[in-house]
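*Asks:* Predicted coordinates and the sequence they were generated for:
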Amino acid sequence: MRKLAPHTAQREPTIALINIVFLMLVFFMVAGTMAQPLDRSLDLVRTADLEGRAPPDALVIHPDGRLVYRGADQPNAAAYLEGLPEEQREVIRLVPDRALPAADLVALTRDLRAAGAQRVILVTERALQ
């Protein structure tokens, strides 16, 4: 039986770990430069100060389920569609309030489709942060 010398210690795999981290660093540096950067002279539009409002041809739905089109209350989906010209009945834009229950929104969408709407589009807010 052979004894190991007291000064012989087992090697730790830190070199392998350092190599892996280095390779990952190089990979992400290369991958990050593949996307074309924006032209430095380009000045993007600032929308923070714009007043948001619903499109004029959209049906607004309040949290209590009240329907409003161009400032006028609408009794229900069928009455709203009857008041529209034939060419505007194909695509209906809805602007639901954030507090409107999802079940009410789904029910209104079904009512609009049953009354003759071909497509129902939800208009939402998109925020870039």
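*Replies:* Yes, it's here. Numbering: from 1, shown residues only.

*Asks:* Now Pro101. Its backbone dihedrals?
*Replies:* phi -60, psi 140 (degrees, to the nearest 10).

*Asks:* what about it, how many neighbours?
*Replies:* Pro101: 11 surrounding residues under other Cβ atoms under 10 Å. Placement of C-beta: from N, CA and C, glycine included.

*Asks:* Next: Ile92.
*Replies:* Neighbour count of Ile92, defined by other Cβ under 10 Å: 23.

*Asks:* likewise Arg66?
*Replies:* Residues near Arg66, counting by other Cβ under 10 Å, number 13.

*Asks:* can you check Arg119 too?
*Replies:* When neighbours are counted by other Cβ under 10 Å, Arg119 comes out with 10.

*Asks:* so what's the residue nearest to it when sequence neighbours are not counted up against?
*Replies:* Residue nearest to Arg119 in three dimensions, not counting chain neighbours: Val91, with 4.8 Å by Cβ to Cβ, 6 or more residues apart in numbering. When contacts are counted by Cβ atoms under 8 Å, 6 or more residues apart in numbering, Val91 is found next to Ala117, Gln118, Arg119, Ile121.

*Asks:* from those residues, which single one is nearest Met29?
*Replies:* Ile121 (42.2 Å; Cβ to Cβ).

*Asks:* which SS state does that closest one fall under?
*Replies:* Each residue gets one of three states, and Ile121 gets strand by DSSP: H, G, I helix; E, B strand; the rest coil.

*Asks:* is the residue lying closest to Asp57 once chain neighbours are set aside in a bridge, and if so with what?
*Replies:* In space, and not counting its chain neighbours, Asp57 is closest to Arg93: 6.2 Å by Cβ to Cβ, 6+ apart. Beta bridges link Arg93 to Ala58, Ile121 when assigned by DSSP bridges.
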